[in-house]
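> here is the input, now give the coordinates:
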Amino acid sequence: MTSNIATAEIAAPYSQALLSLAQAKNLTEEFGEDARSLLGLLSENQDLQNFIGNPFITGENKKALIRTILGESGNAYLRNFLLLLVDKRRIVFLEAVLQQYLALLRQLNQTVLAEVISAVPLSELQQQAVVEKVLAITNARQVEVQSKIDSELIGGVIIKVGSQVIDASLRGQLRRLSLRLTSNS
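Just a heads-up that it's a prediction; the model follows:
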């Protein structure tokens with residue numbers, strides 16, 4: 001298994017090449033949507049991950065799968081890029097390439113990624129409040145919200161933006177109260 005650093009080093013030039021292609025064809029947002037869809041598909045389907053990562057499955061079989069997934073109505077440039085990854089034996093790094101592409105796209109659009117962890121799904125009003133708070137903290141132009149549910153939080157939210165963490169969860173408040181009580185004794 002390769003390390004995360006090695007994976008990032010291998011994926012970086014491919015993600016930059018994908019961004020250059022997207023910019024040249026004025027398809028950066030479309031590629032971003034496709035990248036999010038593919039990442040969602042990969043995260044939901046372990047068999048797909050195993051198929052793509054299996055070195056014993058031929059490149060032609062992997063190419064056939066890519067053509068099937070993207071279909072004929074999919075973007076031809078992105079499909080050809082993925083087929084190139086198969087030819088270069090780099091398709092195993094697909095997830096890392098797509099993640100880095102999205103990071104480059106966010107950087108290009110001055111968008112920050114806010115990971116929001118809550119006990120229950122947030123309403124539209126609550127999501128808007130989170131976006132406004134993140135915009136005020138970061139001075140970014142846009143915020144991309146990635147929501148996760150963690151029932152152990154009891155209530156409230158945890159917002160992660162880069163290395164900043166805002167813990168407004170009930171679990172976090174109880175932990176801080178416990179620390180204050182034990183440090184005073």
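> which residues sit against the helix ranked longest in the chain?
If you go by DSSP state H, the chain has its longest helix at helix 4-24. Contact with helix 4-24 is made by 2, 27-28, 30-31, 77-78, 81, 85, 90, 93, 96-101, 103-105, 108, as judged by CB atoms under 8 Å, 6 or more residues apart in numbering. (Each C-beta comes from the backbone N, C-alpha and C, glycine too.)
> the next helix-or-strand element following that helix - contacts with which helices or strands?
Once the chain leaves helix 4-24, the next helix or strand it forms, by DSSP states H and E, is helix 28-44. The criterion is 3 or more CB pairs under 8 Å, 6 or more residues apart in numbering; DSSP states H and E, and the helices and strands that helix 28-44 contacts are helix 4-24, helix 46-53, helix 59-70, helix 76-87, helix 94-108.
> now the second one: average pLDDT?
Per-residue confidence for helix 46-53 averages out to 90 on the pLDDT scale.
> now the angle from the longest helix of the chain to helix 28-44?
If you take axes from the mean of the first three to the mean of the last three CA atoms, to 10 degrees, helix 4-24 sits at 140 degrees to helix 28-44.
> deepest-packed of the helices and strands packed on helix 28-44, please.
Compared across these, helix 94-108 shows the largest average neighbour count, a mean of 19 (mean count of other CB atoms under 10 Å).
> from the chain's centre, how far out does that one sit?
Here helix 94-108 is found 8 Å from its chain centre; the criterion is CA atoms, centre = their mean, to the nearest Å.
> by contact count, what packs against that helix?
With contacts taken as 3+ CB pairs under 8 Å, 6+ apart, helix 94-108 sits against helix 4-24, helix 28-44, helix 76-87, strand 111-118.
> which among these is found nearest to Arg180?
Nearest of those to Arg180, taken as CB to CB: strand 111-118 at 23.2 Å.
> now the element after that closest one, going C-ward?
The helix or strand immediately downstream of strand 111-118 is helix 124-138, counting by DSSP H and E.
> contacts for that following helix, please.
When contacts are taken as CB under 8 Å, 6+ apart, the neighbours of helix 124-138 outside the stretch itself are 112, 114, 116, 122, 140, 143, 145, 147, 157, 159, 161, 164, 166.
> counting neighbours, which bits of it end up buried?
Neighbour counts over helix 124-138 (16 or more other CB atoms under 10 Å) mark 127, 130-131, 133-134, 138 as buried.
> which one of those is nearest to Leu170?
Sorting these by how near they are to Leu170, with CB to CB, puts Val130 at the top with 16.5 Å.
> got the domain boundaries for the protein?
Listed by the TED database, the domain ranges of the chain are 1-107, 111-183.
> how about Ile166: what's its closest non-neighbour residue?
Counting by CB to CB, 6 or more residues apart in numbering, Ile166 lies nearest to Ile159, which is 4.4 Å off, once chain neighbours are set aside.
> nice, that's everything, thank you.
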